[in-house]
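the amino acid sequence is not available; the structure is as follows:
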């Protein structure tokens, strides 16, 4: 009886402490900055994470009114874990639209856009990401990525005066 | 009944409490709180702390605080051996993180502290220790490092300090050609570190007591040295006290 009790304690203790150790490794790997972020990371790991739809819609409204920075702020609040491919796609798109210029592209914004679209592509690795939004002229993440990459590259076509005739997508 | 309770309590301490304590030290040892926006920063242990951890484990074995051959041996059931090895693994990583919590994050001070830890631990390898003396020595070692890092240095490099402190900090930076660069953490970091070290030392004390039950009567170095029967244990301990 005593031996059995001791065995139960050993097995339970081992299982419990291994689970605790896994939690610690996970915390150090994900590095949450607040308790709230930690809770969000837990939701992502458990597969129960969802973006805040209300904030997402409000950001979309701002995006359509060309308030890109405000839209990005709102999308970041809607998706604090950066775990939703669609939201990351829109964030990348807002970087593209804000950084696009008839004479030159804002390199800094395009680079940030590229990071966001790469996140979106990584999140939607199972199938190619496509967003059905009639207000957008690029619907797939691959198109957006190509456009952003083109904007960050330097080439002779940059000095082509006909460049001013290009249109924003 | 008393023996049964004692055995259950002992099993709980060895298999649950001790690994939990050491894992909590692992969790908190690398945790800092940013001074500006009060967010968590998780600092992974630098490579040098792994080496310090190995030296400390050797010292714990040499100082007979960890009685490895009695915890892990052929006669014990495999599960018991596994549980004990797991406890030693948690102890090793707790030691690593205890060093991580008191080492300055970067710059010349990081290397100075590392060097002094290495020097102390290396010297101690050749000293004769008994468990209480080793525990006192480790408590003082970590206590001193805590005072230096979280009280003295934190105060010198704090942006909220008075003008005298700021002048002293700037002078130190100037004299050392900027190599004494130390990040600013919120005061909560000091409290977390204190709690971590207290927990670590408490864990070591519990490990020290872990050998003192009926299954493990050989405790005193004299008894161990001469392999005296358990009946002489009390007499030797009384004589020592």
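Right, received. Where do you want to start? Quick caveat: nothing in here was measured; it's all calculated off a predicted structure.

can we go C-alpha only for contacts and neighbour counts from here?
Noted.

how about the helix or strand bottoming out on mean pLDDT in chain A, which residues are buried there?
Within chain A, no helix or strand scores below helix A:35-46, which has a mean of 82 by mean pLDDT, DSSP states H and E. Buried positions in helix A:35-46, judged by neighbour count with 16 or more other Cα atoms under 10 Å in any protein chain shown: A:38, A:40, A:41, A:42, A:44.

could you give me the average pLDDT of the helix or strand following it?
Scanning forward in sequence from helix A:35-46 by DSSP states H and E, the next helix or strand is helix A:53-64. Mean pLDDT, computed over helix A:53-64, is 94.

what mean pLDDT does the one helix or strand residue B:137 maps to get?
Using DSSP H and E, residue B:137 falls within helix B:131-146. Helix B:131-146 shows a mean pLDDT of 91.

for it, packing partners?
The helices and strands touching helix B:131-146, judged by 3 or more Cα pairs under 8 Å, 6 or more residues apart in numbering or on different chains; DSSP states H and E, are helix B:78-102, helix B:187-210.

count the residues that sit near residue A:148.
27 (other Cα atoms under 10 Å in any protein chain shown).

that one and residue A:112 touch, don't they?
No: Residue A:148 lies out of contact with residue A:112 (Cα atoms under 8 Å); the separation is 9.5 Å.

how about low-confidence regions in chain A?
A:1-2 (pLDDT under 70).

need the residues of it near chain B, please.
Contacts of chain A with chain B, taken as Cα under 8 Å from any Cα of the partner chain, map to A:2, A:5-6, A:9-10, A:13-14, A:16-17, A:20-21, A:24, A:28, A:31-34.

which of those residues are buried? Put it as a PyMOL command.
In PyMOL, this line selects whichever of those come out buried by 16+ other Cα under 10 Å:
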select buried, chain A and resi 6+9+10+13+14+17+20+21+24+28+31+32+33
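
now the strands for chain B?
With DSSP state E as the definition, chain B shows strands at residue ranges B:31-33, B:40-42.

helices of chain A, residue ranges please.
Using DSSP state H, the helices of chain A run over A:2-30, A:35-46, A:53-64, A:68-78, A:85-99, A:107-123, A:141-152.

most packed of those?
Neighbour counts (mean count of other Cα atoms under 10 Å in any protein chain shown) averaged over each of those peak at helix A:85-99, with a mean of 24.

I'd like the distance from that one to the chain centre, please.
Distance of helix A:85-99 from the chain centroid (Cα atoms, centre = their mean, to the nearest Å) equals 9 Å.

repeat for stretch B:29-40
22 Å.

backbone phi and psi for the residue nearest to residue A:64 when sequence neighbours are not counted, please?
Of all residues not flanking residue A:64 in the chain, residue A:135 sits nearest, at 7.9 Å (Cα to Cα, 6 or more residues apart in numbering or on different chains). Phi and psi for residue A:135, reported as degrees, to the nearest 10, are phi -80, psi -10.

and residue A:135, how far from chain B?
38 Å (Cα to the nearest Cα, to the nearest Å).

can you pull the residues of chain B lying near chain A?
B:4, B:8, B:11-12, B:15-16, B:19-20, B:23, B:26-27, B:39-44, B:79-80, B:83, B:86.

list phi and psi for residue B:67.
phi -100, psi 70.

wait, it sits on residue B:58?
No: in this structure residue B:67 lies outside contact range of residue B:58 using Cα under 8 Å: 11.2 Å.

which neighbours do the two have in common?
Common neighbours of residue B:67 and residue B:58, using Cα atoms under 8 Å, 6 or more residues apart in numbering or on different chains, do not exist here.

who's in contact with the helix holding residue B:137?
Contact with helix B:131-146 is made by B:60, B:63-65, B:99, B:102-103, B:113, B:193-194, B:197, B:201, B:204-205, B:208, as judged by Cα under 8 Å, 6+ apart.

give me that answer again for 7 Å
B:63, B:64, B:65, B:102, B:201, B:208 (Cα atoms under 7 Å, 6 or more residues apart in numbering or on different chains).

kindly report the same for stretch B:94-105.
Contacts of stretch B:94-105 (Cα under 7 Å, 6+ apart): B:22-23, B:25-26, B:29-30, B:45, B:49-50, B:52-53, B:110, B:113, B:145-146, B:149, B:182, B:193, B:197.

if we use 8 Å, what do you get?
By Cα under 8 Å, 6+ apart, stretch B:94-105 touches B:22-23, B:25-26, B:28-31, B:45-46, B:49-50, B:52-53, B:56-57, B:110, B:113-114, B:142, B:145-146, B:149-150, B:182-183, B:193, B:196-197, B:200.

what is the burial count for residue B:80?
18.

check contacts around it.
residue A:10.

got the angle for the least confident helix or strand of chain A vs helix A:2-30?
110 degrees (axes from the mean of the first three to the mean of the last three Cα atoms, to 10 degrees).

pull the distance from helix A:35-46 to the chain's centre.
Relative to its chain's centre, helix A:35-46 lies at 15 Å (Cα atoms, centre = their mean).

that helix packs against which elements?
Checked by 3+ Cα pairs under 8 Å, 6+ apart, helix A:35-46 has no helix or strand packed alongside it.

show residues contacting that helix.
A:27, A:30, A:32, A:49, A:80, A:81, A:83.

change it to 7 Å
In contact with helix A:35-46 (Cα under 7 Å, 6+ apart) are residues A:32, A:49, A:81.

reformat those as JSON lines; add distance to residue A:116.
Shown next, in JSON lines, are the contacts of helix A:35-46 (distance: Cα to Cα, whole Å):
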{"residue": "A:32", "distance to residue A:116": "19"}
{"residue": "A:49", "distance to residue A:116": "19"}
{"residue": "A:81", "distance to residue A:116": "13"}
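
ok, of the residues of chain B next to chain A, which come out buried?
With neighbours counted by 16+ other Cα under 10 Å, the residues of chain B next to chain A contain buried members at B:8, B:11-12, B:15-16, B:19-20, B:23, B:26-27, B:39-43, B:80, B:83, B:86.

shaky segments in chain B?
B:1, B:158-166, B:168-182, B:211-241.

and the residue lying closest to residue A:102 once chain neighbours are set aside, how many neighbours?
Once flanking residues are discounted, residue A:102 sits nearest to residue A:164: 5.2 Å by Cα to Cα, 6+ apart. Here the count is done by other Cα under 10 Å, and residue A:164 has 11 residues near it.
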